[in-house]
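Engineer: Below: sequence and its predicted model.
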Amino acid sequence: MAEVHAEAVHRHEAPKSFIRRYIFSLDHKVIGIQYWFLALFSVFVGMILSVFIRIHLIAPQAKIPFLDKLSPVGAPGGVITPEYYLALLTLHGTIMVFFVLTTAPQSGFGNYILPIQIGAEDMAFPRLNMLSFWVTFVALVVIMATFFVADGPPISGWTAYPPLSAVGGAAGPGQALGQNLWILSIALFCVASLLGALNFIATTIDLRARGLSLLRLPLTCWSWFITAILALLSFAVLLAAGVLLLLDRVGGTSFFVPGGLIVSDKIINHAGGSPLLWQHLFWFFGHPEVYIAILPGMGVTSHIVSTFARKPIFGYKAMVVAMGAIGFLGFVVWGHHMFMSGMSPYSGFAFSVLTMAIGVPSAIKTFNWLGTILGGKLRFPTAMLFALGFVSLFVSGGLSGIFLGQAPVDIQFHDTYFVVAHFHLIMGVAAIFGIFAGTFFWFPKMFGRMMNETLGKIHFWVTFVGVYMIFMPMHFLGIVGHPRRYSELTGFEFLKPLTGVHDFISHAAFLTAAVQLVFLFNVFWSMFKGRKASDNPWEATTLEWTVPSPPPHDNFAGKHPVVHHGAYEFSVPGAEKDYIMQDSPEKGSAGH
Amino acid sequence: MGTTTLTKPDRDSLAGDTGRNGGGFRRNDFGGGDSGGAREWRVPMRTYRTGMWLGLAGIVMLFAAFTSALIVRKGLGENWGSTPIPHVLWLNTLVLIASSATLEVSRRALARRLSIRFTGWLYATTVLGLVFLAGQVAAWRELAARGFYLATNTSASFLYLLTAAHGVHLLGGIMALAYLAMRAPAIATGRQRRTAVDVTAIYWHFMDGLWIYILILLLTRL
């Protein structure tokens, strides 16, 4: 018996010192919360950057108070130079995509909730988990450092296209040390993500409780599992690209930098590299990356919508297959970011067809969410509002993707505000709503207290209306041909009639940014003063709601849960209540 | 997987738990707090293997990306040039294959509880790994002596890149082997699990295979 069930014994005693409990903790719950706070800090930095961007677009000569102290070169007298504008948007994108959307939904909530939802005491490799967080933390410190170095942050965009990103200081401020630090930060982030992904996959495969078959897994767990597979396979490619870029910059190699370049009157001594190579490598990572950002939000939405409609999720298996299809197809569509790069129209056609194919599983998921809501006994706590908001914004953002996915249409839309509208609606709002939904849903479990519902609803409605006011007009800007990443709009005749649109967008942005302070207040106030939470305040069915709020150190107080039901047994005919917990010995099934 | 509790959690610790319910930010520990006493946390042995194979999947993608970069760059850009393959690389290959063999001898000795043989062949593997790395450095020096540096031409860049990337990963493997060698007595007598050895062996053999792949890639594509 001992050989057959040979198992490792981790000494997982509850730690005693402050450092071991809150700083260098092996506990997945602490690590999940650390990631969540890291993302919270990052999103506020990213949001402040976006406010600077929106101020500058409507008032290019505006003097922004402390900016001249931060960067005397980039913002002399507080007025943002065109180069500094690019620096701000580079870090806005980098921080938001990596340190918010790739951390909170997966490493934040996934780390906290996955082990509990599968009935485990921790992740498979707690030390690797801790290492992943702290490497991510160092990566954040490095990227933040670019604000404070002499030349400032890089200006090449979060996409860091060579030759601009590869030729060093000649290309502009921030392109020397700033760009090197950017590469270092991203490389560290890649390593942390790879280790984290490994942990998630091994945990989901091997540590499920007895009775928890794959088809009884909550959709949140499926989303984290598929996301982790995407991360494992894609981040290594970004790491490779980063190494090659660094070698071009400091090693004199010519992977990406073509020969014969003269930049700012300086001869660039490289020979024969291909900037297109970077685009292929970057976007091979970049496309799965955006699915990494959205899939956990889909899992959370499915979970929350089912819980608060008091109905099993419509089409559970289809939801799983759809997420798998989205994940798989996500690897073969990277060329749709490169339609304007000079590729063969046949390649364009192939990428275009595959891109539109992703619309199918996405639509399946959307209809299934609607099918879950239809006929449900709906409840509307803030978590549900954000989950429904996710569905709305996923549709809005996703539809513009179908336009962009057609190569001929993209001739007009590439590098315009149409693209900006698309990815902000889908990532900058829908995925963020997924994070909000998860926060309002799991806050009671994580902190033992309820968040304030009134503040939550105010925050939701103003944000929901606000983001539509910000990003819907951008589609029109794009259709007209308004380029993205332009710091000054004043020099172009055809843009002059659009200044009113920009005014509207910026003011909507200021309002929406301001109301996020309501959320921030709600979070911290509720942590100390919120109403105490019971084990299962939402009457949900999954295993995290069978343990106290917050859970004990080993999650299940020494017990090993046994699962008897699927994850969405709501309103089962003949059942005692309108929900059956997954570990309940009660018989009955919703038969989904 | 163990599903039954071996010890009943004692009353005091449970009472301690409920006392912490909803204790708020100050009093709760995000759940990281003390639930009383040591709990034995069981992770199945096969999970370590799963983890290692997953890690290898990531490493495969890294070298797949480098391979793709090589092929695309050779097709798209200029200044590819040509680079001679240093002869010492053949010797290094034999050394690495030998190290895989010695590792297997070591593992089989462990299975038969032959402690001294296990430890000895483990040290032999570590030494061979170090010899391989020294040989790689020798290869680079030979290239430099013949005027082929990192940036001389792009084929040379890829040769340095691929051998260095492999070398860095192999160094990690050597550190794991060294750690195991130091722990060998405890492992051999069964006081520590064998899984660490098995998992390191998977990694090491993979590095061996990866090297052969890289060599073939360099021979055919450089």
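Structural biologist: Yes, it's here. Residues are numbered from 1 along each chain as shown, chains lettered A, B, ... in the order given.
Engineer: looking at chain B, which helix or strand does the model trust least?
Structural biologist: helix B:11-20 (a mean of 35; mean pLDDT, DSSP states H and E).
Engineer: what separates residue A:280 from chain B, distance-wise?
Structural biologist: 6 Å (CB to the nearest CB, to the nearest Å). All C-beta atoms are positioned from the backbone trio N, CA, C, and that covers glycine.
Engineer: That residue touches residue A:334, doesn't it?
Structural biologist: Yes. At 7.2 Å, residue A:280 counts as touching residue A:334 under the criterion of CB atoms under 8 Å.
Engineer: Identify, by residue count, the longest helix of chain A.
Structural biologist: The longest helix of chain A (DSSP state H) is helix A:275-309.
Engineer: List the first helix or strand encountered after that one toward the C-terminus.
Structural biologist: helix A:316-329 (DSSP states H and E).
Engineer: Dump that next one to CSV, keeping only the CA atoms.
Structural biologist: Output in CSV follows, covering the C-alpha atoms of helix A:316-329 (Å, rounded to 0.1, in the frame of the first residue of the first chain):
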residue,chain,number,x,y,z
TYR,A,316,-21.4,23.0,-19.5
LYS,A,317,-19.5,20.7,-21.9
ALA,A,318,-19.9,23.2,-24.8
MET,A,319,-18.4,25.8,-22.5
VAL,A,320,-15.4,23.6,-21.8
VAL,A,321,-14.9,22.7,-25.5
ALA,A,322,-15.4,26.3,-26.5
MET,A,323,-12.6,27.5,-24.1
GLY,A,324,-10.4,24.8,-25.5
ALA,A,325,-11.1,25.8,-29.0
ILE,A,326,-10.4,29.4,-28.3
GLY,A,327,-7.2,28.4,-26.7
PHE,A,328,-6.1,26.2,-29.6
LEU,A,329,-7.2,28.6,-32.3
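Engineer: elements contacting that helix?
Structural biologist: The criterion is 3 or more CB pairs under 8 Å, 6 or more residues apart in numbering or on different chains; DSSP states H and E, and the helices and strands that helix A:316-329 contacts are helix A:219-250, helix A:275-309, helix A:359-373.
Engineer: what about 10 Å?
Structural biologist: Here helix A:316-329 touches helix A:219-250, helix A:275-309, helix A:345-357, helix A:359-373, going by 3 or more CB pairs under 10 Å, 6 or more residues apart in numbering or on different chains; DSSP states H and E.
Engineer: Those into a markdown table, with extra columns for distance to residue A:498, mean neighbour count and mean pLDDT?
Structural biologist: Listed next are the helices and strands packed on helix A:316-329 as a markdown table, based on distance: least, CB to CB, whole Å; neighbours: other CB atoms under 10 Å in any protein chain shown; pLDDT from 0 to 100:
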| stretch | distance to residue A:498 | mean neighbour count | mean pLDDT |
| --- | --- | --- | --- |
| helix A:219-250 | 35 | 25 | 98 |
| helix A:275-309 | 27 | 26 | 98 |
| helix A:345-357 | 28 | 16 | 96 |
| helix A:359-373 | 30 | 18 | 97 |
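Engineer: Can you check which of those gets nearest to residue A:165?
Structural biologist: Set against residue A:165 and scored by CB to CB, the helices and strands packed on helix A:316-329 come closest in helix A:219-250, at 6.5 Å.
Engineer: and the next element down the chain from the closest one?
Structural biologist: Remark: after helix A:219-250, the chain's next helix or strand is strand A:261-263, criterion DSSP H and E.
Engineer: For chain A, just list every one of the strands.
Structural biologist: Ranges of strands in chain A, per DSSP state E, are A:7-11, A:261-263, A:266-268.
Engineer: How about chain B?
Structural biologist: B:40-44.
Engineer: so who does residue B:149 touch?
Structural biologist: Contact analysis of residue B:149 by CB atoms under 10 Å, 6 or more residues apart in numbering or on different chains lists A:251-253, B:140, B:143, B:156-157, B:160.
Engineer: Counting neighbours, what do you get for the closest residue to residue B:148 other than its chain neighbours?
Structural biologist: Nearest residue to residue B:148 in three dimensions, chain neighbours excluded: residue B:156, at 4.6 Å (CB to CB, 6 or more residues apart in numbering or on different chains). For residue B:156, the count of nearby residues is 23 (other CB atoms under 10 Å in any protein chain shown).
Engineer: Tell me how far residue B:156 lies from residue B:84.
Structural biologist: Per CB to CB, to the nearest Å, residue B:156 is found 10 Å from residue B:84.
Engineer: Spell out which residues are contacts of both of those two.
Structural biologist: B:143, B:148, B:222.
Engineer: Compare the helices and strands packed on helix A:316-329 and report which one is nearest to residue A:183.
Structural biologist: Minimum separation from residue A:183 across the helices and strands packed on helix A:316-329 (CB to CB) falls at helix A:219-250, 5.0 Å.
Engineer: is that closest one anywhere near chain B?
Structural biologist: Yes. Under the criterion of CB under 10 Å from any CB of the partner chain, chain B is reached by helix A:219-250 at A:228-229, A:231-241, A:243-244, A:247-248.
Engineer: cool, stretch A:155-174 as well?
Structural biologist: No. Under the criterion of CB under 10 Å from any CB, chain B is not reached by stretch A:155-174; the shortest gap measures 11.8 Å.
Engineer: Name the nearest residue to residue B:131, ignoring sequence neighbours.
Structural biologist: residue B:95 (5.3 Å).
Engineer: Was I right to think residue A:276 contacts residue B:77?
Structural biologist: Yes. At 9.1 Å, residue A:276 counts as touching residue B:77 under the criterion of CB atoms under 10 Å.
Engineer: Overlap in contacts, the two.
Structural biologist: Residues touching both residue A:276 and residue B:77 (CB under 10 Å, 6+ apart): A:256, A:258.
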